[in-house]
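Engineer: here you go, sequence then predicted model.
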Amino acid sequence: MIQILPHSTLLRYVYNELPADERRGVEEALLHDSELATACADLLLAQRTLDGLRREPRRAATDAILQYSRTFLAR
Amino acid sequence: MDLLQPSDSALISLYLAGQESAFAILLERHRSRVFTTILLIVRDEEVAEDLLQDTFIKAIHTLKSGRYNEEGKFAPWICRIAHNLAIDSFRRGKRVPHVSLTDNDRLASSLTIADDGPDDIMAREETHNHLRALIQELPAAQKEVLLMRHYGDMSFQEIADATGVSINTALGRMRYALINLRKKMTANSQYYDPNITPFDPVTLCVQRAAS
């Protein structure tokens, strides 16, 4: 089947930016369009890979922020 | 969205009413995305932590002084502050960028949240290290959109507004950023996750809904 959805729509879909009616339309299309599904899979794969880079600051860094806020309150 | 969780806006109201614990929740909620955004720009964990503190201190000043615009969303606002501070810092280049991959605290943290063995953790770290390097190679405009959308949690429209381009341009930059990353990852196939198999469309819907 010919892919009729633009990539921009798919991008907004995987990032949860589409309104409900458009989202349902994409999900319906995914069921019937293997090329579209593959393109969507690529985006989801990229998302998952990028998620792996998320890092946390050390607790000391955030504790210092909280301390600053408490001190600021007391000024 | 979890309806049991107070919104950012509600937390800000509580914070301004004197509830420090509300700010602690806000910080807990956003620290990872802000820190990651900064780290991917400055590539130095100590600098990134300093800038994380600067970012939230700026936020505290703005909030406490009554200059925060309630119409805006907190996540894109704080990430925009972080992004600007990180870019400024990186341009000043006062420190040699490096990402410590052997930090004992972080490695210990990884070990506690994963059941994988040391080899798996090392391999994953190697993949992530390589991906960070590939992100640095992206054109600046693509990298900016990638960081703002994926780690800063800004919508494409918010990115367009913040960077002075159309939403289609922002979407196009994101698309090419992902295409470029994929090409680079595939070209360096030893870093590519071999466990990924073609998706079934039905599964795709379930995965996305659960994300």
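Structural biologist: Nice, thanks for sending it over.

Engineer: near the residue of chain A found nearest chain B, how many other residues are there?
Structural biologist: In chain A, the residue that lies nearest chain B is residue A:41 (3.6 Å; CB to the nearest CB). Every residue, glycine included, has its C-beta placed from N, CA and C. Using other CB atoms under 10 Å in any protein chain shown, residue A:41 has 21 other residues around it.

Engineer: any idea how far it is from residue A:14?
Structural biologist: 10 Å (CB to CB, to the nearest Å).

Engineer: which residues does the residue positioned nearest the centre of chain B contact?
Structural biologist: The geometric centre of chain B, computed from its C-alpha atoms, lies nearest to residue B:151 (CA atoms, centre = their mean), at 2.4 Å. Shown in contact with residue B:151 (CB atoms under 8 Å, 6 or more residues apart in numbering or on different chains): A:50, A:53-54, B:33, B:36-37, B:40, B:79.

Engineer: list the buried residues of stretch B:59-79.
Structural biologist: B:59-60, B:63, B:68, B:73-79 (16 or more other CB atoms under 10 Å in any protein chain shown).

Engineer: ok, now stretch B:134-147?
Structural biologist: So for stretch B:134-147, counting by 16+ other CB under 10 Å, buried means B:134-135, B:138, B:141-147.

Engineer: chain A: which of the buried residues of stretch B:59-79 is nearest?
Structural biologist: residue B:60 (5.2 Å).

Engineer: and the buried residues of stretch B:134-147 as a markdown table, adding distance to residue B:161 and secondary structure?
Structural biologist: Below are the buried residues of stretch B:134-147 laid out as a markdown table (distance: CB to CB, whole Å; DSSP: H, G, I helix; E, B strand; the rest coil):
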| residue | distance to residue B:161 | secondary structure |
| --- | --- | --- |
| B:134 | 28 | helix |
| B:135 | 23 | helix |
| B:138 | 21 | coil |
| B:141 | 15 | helix |
| B:142 | 18 | helix |
| B:143 | 18 | helix |
| B:144 | 13 | helix |
| B:145 | 13 | helix |
| B:146 | 17 | helix |
| B:147 | 16 | helix |
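
Engineer: the residues you listed: which ones sit near chain A?
Structural biologist: Among the buried residues of stretch B:134-147, the ones lying near chain A by CB under 8 Å from any CB of the partner chain are B:135, B:146.

Engineer: got any ranges where chain A has weak pLDDT?
Structural biologist: Within chain A, the segments meeting pLDDT under 70 span A:1-4, A:73-75.

Engineer: in strands, which of the buried residues of stretch B:59-79 appear?
Structural biologist: Here DSSP state E is the test, and the buried residues of stretch B:59-79 give no hits in strands at all.

Engineer: can I get these in TSV including pLDDT and distance to residue A:32?
Structural biologist: Formatted as TSV, the buried residues of stretch B:59-79 follow (pLDDT from 0 to 100; distance: CB to CB, whole Å):
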residue	pLDDT	distance to residue A:32
B:59	95	46
B:60	95	51
B:63	93	49
B:68	89	47
B:73	83	35
B:74	89	39
B:75	88	35
B:76	85	35
B:77	89	40
B:78	92	41
B:79	89	37
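
Engineer: just put those in CSV and tack on distance to residue A:23.
Structural biologist: Output for the buried residues of stretch B:59-79, formatted as CSV (distance: CB to CB, whole Å):
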residue, distance to residue A:23
B:59, 32
B:60, 37
B:63, 34
B:68, 31
B:73, 20
B:74, 25
B:75, 21
B:76, 21
B:77, 26
B:78, 27
B:79, 24
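
Engineer: near chain A too, which of those residues?
Structural biologist: Applying CB under 8 Å from any CB to these, one finds that residue B:60 fall near chain A.

Engineer: ok, so of the buried residues of stretch B:59-79, who is nearest residue B:86?
Structural biologist: Distance to residue B:86 across the buried residues of stretch B:59-79 (CB to CB) is lowest for residue B:79, with 10.1 Å.
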